[in-house]
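Trainee: only geometry, no sequence info:
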Ligand SMILES: [Zn+2]
């Protein structure tokens, strides 16, 4: 599931390769993922220039003069840069065919992602978009703001971190990586964290995200369809030795979401 670092990287690659380029044709192969009228999408995009791609939380925004194509990739949505002649992946849903033969393809093995069209800067019809908290990279709160925002959220700290209303961009995988870096158990209640632990958490979020973006940029490059997760320290590595202390990592799945952590390092 793509999270902030993956999408930040995709945004950079798309801007490098496609910003200012004109879309010659829109090909809709699987309308199932569209949350807008096909004719509207085509009239907004076809024949028009892609402006600077943006990211907000886990949404990727492709703006055109008359509207913004907005992707929420959910569990399985992916992008691919290809040439017209390249073989099509199965479950390709949408293709933006740019002048010059370059294609941006969206494929989605589970068809769970969503593609919206925000017209005239109106994002109000995009579920969850208007409720997003500050972006965990571009609008990262100061420690003081972080503390005061945190007070409004209850329950297990992992659930707070993945709540997009608290901070936008962190999902199930990066929450595990952040909590490992902060040496906090994902099962801790937010209300029981000490001031020092909140400070560690605040630091860990920006360090883990920045480091992940750096590694993904280096390892994935322009193969934006690839999953950059081989460097994870704990997430989905249950049973493997903790990279710090060697204790086998614990894996649990409350609410069918996999959580991995070290019982020894994370208190
Ligand atoms: Zn450990």
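Mentor: That came in fine, so what should we check first? Given the structure is predicted, the values throughout are model-derived calculations rather than measurements.
Trainee: give me the phi and psi for residue 27.
Mentor: Per-residue torsions, residue 27: phi -120, psi 120 (degrees, to the nearest 10).
Trainee: correct me if wrong: it contacts residue 97.
Mentor: Yes - look at residue 27 against residue 97 with Cβ atoms under 8 Å: they come within range, at 6.4 Å. (C-beta placed from N, C-alpha, C; glycine too.)
Trainee: which one is the closest residue to the ion within the stretch 51-200 of the chain nearest to, not counting chain neighbours?
Mentor: In the stretch 51-200 of the chain, no residue comes nearer to the ion than residue 180, which is 8.2 Å away by Cβ to the ion. For residue 180, the nearest residue in space outside its immediate sequence neighbours is residue 234; the separation is 4.6 Å by Cβ to Cβ, 6 or more residues apart in numbering.
Trainee: so how many other residues sit close to the one you found?
Mentor: Residue 234 has 26 neighbouring residues, counting by other Cβ atoms under 10 Å.
Trainee: up against the ion, what does this structure have?
Mentor: 242, 244, 245, 247, 262, 264, 265 (Cβ under 5 Å from the ion).
Trainee: model confidence for the third one, exactly?
Mentor: This means residue 245. With respect to pLDDT, residue 245 has a value of 98.
Trainee: contacts only, for the residue nearest to residue 180.
Mentor: 176, 177, 180, 242, 243, 249, 260, 261, 262 (Cβ atoms under 8 Å, 6 or more residues apart in numbering).
Trainee: I figured the last one hits residue 240, correct?
Mentor: No - the pair residue 262 and residue 240 fails to qualify as a contact (Cβ under 8 Å) at a distance of 10.2 Å.
Trainee: neighbour count winner among the two?
Mentor: Set residue 262 next to residue 240 and count neighbours by other Cβ under 10 Å: residue 262 wins out with 24 against 14.
Trainee: burial count for residue 33?
Mentor: Using other Cβ under 10 Å, residue 33 has 23 neighbouring residues.
Trainee: going forward can the numbers begin at 5, since that is how I track them
Mentor: Yep, numbering from 5; the last one is residue 37 now.
Trainee: name the nearest residue to it, ignoring sequence neighbours.
Mentor: residue 97 (4.9 Å).
Trainee: how close does the one you found sit to residue 231?
Mentor: Distance of residue 97 to residue 231, given as Cβ to Cβ, to the nearest Å: 18 Å.
Trainee: neighbour count winner among these two?
Mentor: Each of residue 97 and residue 231 has its neighbours counted (other Cβ under 10 Å); residue 97 has more, 20 against 11.
Trainee: wasn't that one part of a helix?
Mentor: No - counting by DSSP: H, G, I helix; E, B strand; the rest coil, residue 97 falls outside a helix, being strand.
Trainee: tell me how far the residue nearest to residue 184 lies from residue 99.
Mentor: 37 Å.
Trainee: thinking again about what came up before, mutual contacts of residue 31 and residue 101, please.
Mentor: Shared contacts of residue 31 and residue 101, defined by Cβ under 8 Å, 6+ apart, are absent.
Trainee: so which of the two has more stuff around it?
Mentor: A count of neighbours by other Cβ under 10 Å puts residue 101 above the other of residue 31 and residue 101, at 18 against 14.
Trainee: Three-state assignment for the more buried one, please.
Mentor: strand.
Trainee: that one: what's it in contact with?
Mentor: With Cβ under 8 Å, 6+ apart, residue 101 has these contacts: 27, 28, 29, 30, 31, 88, 107.
Trainee: in strands only, show me these.
Mentor: 27, 28, 29, 30, 31, 107 (DSSP state E).
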